[in-house]
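> curious how this folds, go ahead:
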Amino acid sequence: MQSKPTTIKEIARLLNISPSSVSRGLHDHPSIGAVTREKIKQLAKSLNYEPNRAAIFFQKGKTYTIGVILPELSEHFFSVAISAIEDEAMKKNYTVIFAQSHDHYEQEVKLVEKMKNQRVDGLLVSISKDTANFDHFEKLNSFNIPVVFFDRIPPFNNVHYVACSLVSATVKAMNYLLRKGHRSIGMINGPNTLHASEERKDGYKQSISFNRLKFDPSLVINCDLTENGTINAAEKFLKHKRKPTAIVVFNDYVALFLIKYFKKLDVINNFEIVSYANLPIISYLDHPPVASVEQYPYLQGQKAVNILLDLIHRPNTENQAYYNAIVDADLIINDTNE
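So this is what the prediction gives:
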């Protein structure tokens, strides 16, 4: 039968001193003499005493735990971000709890409630593609649980966030294709609920306008980021009166769906594709995207967790400005003919 863990009260009884004296001695308080401190520590060691972490956390008002809610842990972008979050949290002696929304708003709401009940000190979030209401995050304010969004962020500035410069990244992608001679360029965008979709569209329109071309809204198609959604968008382009010769797609996963479908129809050589995220796997494809936007997930995760830890350690600061950190993106060229 497993014995009960040693307590401060038991050490105090064996040494015939008060529990408070034992506690102070274990923490090298100057009010406890050196000889008594040594006796306390030696006895605690011999009895395999371990501090009651829950009691310590309760006393300090912190659990030294942060929560992270992501759409999919299996996505390479988020797995890299997770590595950064864990690395930085470990340096500050924080434990990290990860959870997946699976890109569903209802699941995200439930996870926020669970994280609150776990008494996390703060929360990092990349929102689901369905999230259009943010009440579940605002409720955390009354519990003094700060939230930092990263990558997929709400469409307003009065939140703390870290994100990539997607407007300028899309301008770079579009200008690259225009320099290659393309004049009819399609875009398979994400859902309208995602702020990142609006940013991509803004970059697309800016590049078209700057190059004195006419913006055709029918060449920008929103999809739900699934394979079926990608195929539906592809079919619209194939039937379009201004059939595009190049397509900018929301991310590398959508690019993979599109390439698979175009290969099946044997039209893959009729299009050049540019994507986002720069997944390592795309370099192994027979027909990879000619370029992909590097969004630096490790740096985003690193910045996000450091902002969150700063908020945790400086709570309730009146008139505190919101952290709005932007990570510059780069266009990585994969075209071997460049």
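> any idea how far residue 331 is from residue 32?
63 Å (Cβ to Cβ, to the nearest Å). (Glycine included, C-beta is placed from N, CA and C.)
> show the model's pLDDT score for residue 338.
At residue 338, the predicted lDDT confidence score is 60.
> can you give me the helices for the stretch 101-250 of the chain?
105-117, 135-138, 166-179, 195-210, 227-239 (DSSP state H, counting those that start in this stretch).
> what angle do the third one and helix 195-210 make?
Yep, that's helix 166-179 we're talking about. Between helix 166-179 and helix 195-210, the angle comes out at 40 degrees (axes from the mean of the first three to the mean of the last three Cα atoms, to 10 degrees).
> and helix 166-179, average pLDDT?
Within the predicted structure, the mean pLDDT of helix 166-179 is 97.
> what's the following helix or strand after the helix or strand of the chain with the lowest mean pLDDT?
Averaged element by element with mean pLDDT, DSSP states H and E, the chain has its least confident helix or strand at helix 53-60 (a mean of 57). Once the chain leaves helix 53-60, the next helix or strand it forms, by DSSP states H and E, is strand 65-70.
> so what does that following strand touch, helix or strand wise?
In this structure, strand 65-70 makes packing contacts with helix 76-91, strand 95-100, helix 105-117, strand 122-125, helix 297-313, judged by 3 or more Cβ pairs under 8 Å, 6 or more residues apart in numbering; DSSP states H and E.
> please work out which of these is packed deepest.
strand 122-125 (a mean of 27; mean count of other Cβ atoms under 10 Å).
> partner strands of it, parallel or antiparallel?
Each strand that pairs with strand 122-125, with its direction, by DSSP bridges: strand 65-70 (parallel), strand 147-150 (parallel).
> can I get those strands in CSV with mean pLDDT, distance to residue 257 and mean neighbour count?
As requested, those are exported to CSV (pLDDT from 0 to 100; distance: least, Cβ to Cβ, whole Å; neighbours: other Cβ atoms under 10 Å):
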stretch, mean pLDDT, distance to residue 257, mean neighbour count
strand 65-70, 97, 21, 25
strand 147-150, 98, 25, 25
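> tabulate these (TSV), appending distance to residue 187.
Putting the strands paired with strand 122-125 into TSV (distance: least, Cβ to Cβ, whole Å) gives the following:
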stretch	distance to residue 187
strand 65-70	25
strand 147-150	24
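> nearest to residue 118, out of those?
Between residue 118 and these, the shortest gap by Cβ to Cβ is with strand 65-70, which sits at 6.9 Å.
> return the residues in contact with residue 252.
Taking Cβ atoms under 8 Å, 6 or more residues apart in numbering, we find residue 252 in contact with 275-279, 281-282, 289, 292.
> recalculate using a threshold of 10 Å.
When contacts are counted by Cβ atoms under 10 Å, 6 or more residues apart in numbering, residue 252 is found next to 75-77, 259, 273, 275-282, 285, 288-289, 292-293.
> which ones among those map onto strands?
In strands, judged by DSSP state E, the following of the contacts of residue 252 are found: 273, 275-276, 292-293.
> top of those residues by number of neighbours, please.
Ranked by neighbour count under the definition other Cβ atoms under 10 Å, the ones in strands among the contacts of residue 252 are headed by residue 276 with 30 neighbours.
> hang on, isn't that residue packed against residue 197?
No. Applying Cβ atoms under 10 Å, one finds residue 276 not in contact with residue 197, separated by 11.3 Å.
> what residues sit buried inside stretch 323-331?
Buried residues in stretch 323-331, counting neighbours by 16 or more other Cβ atoms under 10 Å, are found at 323, 325, 327, 329, 331.
> take the helices and strands packed on strand 65-70 and write them to TSV, including mean pLDDT and distance to residue 36.
As requested, the helices and strands packed on strand 65-70 are arranged in TSV below (pLDDT from 0 to 100; distance: least, Cβ to Cβ, whole Å):
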stretch	mean pLDDT	distance to residue 36
helix 76-91	96	35
strand 95-100	96	34
helix 105-117	96	41
strand 122-125	98	39
helix 297-313	96	34
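> now render those as TSV, adding distance to residue 49.
Written out in TSV, the entries for those read as follows (distance: least, Cβ to Cβ, whole Å):
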stretch	distance to residue 49
helix 76-91	25
strand 95-100	22
helix 105-117	30
strand 122-125	31
helix 297-313	29
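> those: which one's closest to residue 6?
Taking Cβ to Cβ as the criterion, residue 6 comes closest to strand 95-100 out of those, the separation being 23.6 Å.
> what lines up beside the closest one in the sheet?
Strand partners for strand 95-100, identified by DSSP bridges, are recorded as strand 65-70 (parallel).
> how near is the closest residue to residue 146 other than its chain neighbours to residue 183?
On the basis of Cβ to Cβ, 6 or more residues apart in numbering, the spatially nearest residue to residue 146 that is not a chain neighbour turns out to be residue 311, at 3.9 Å. Separation of residue 311 from residue 183 (Cβ to Cβ): 47 Å.
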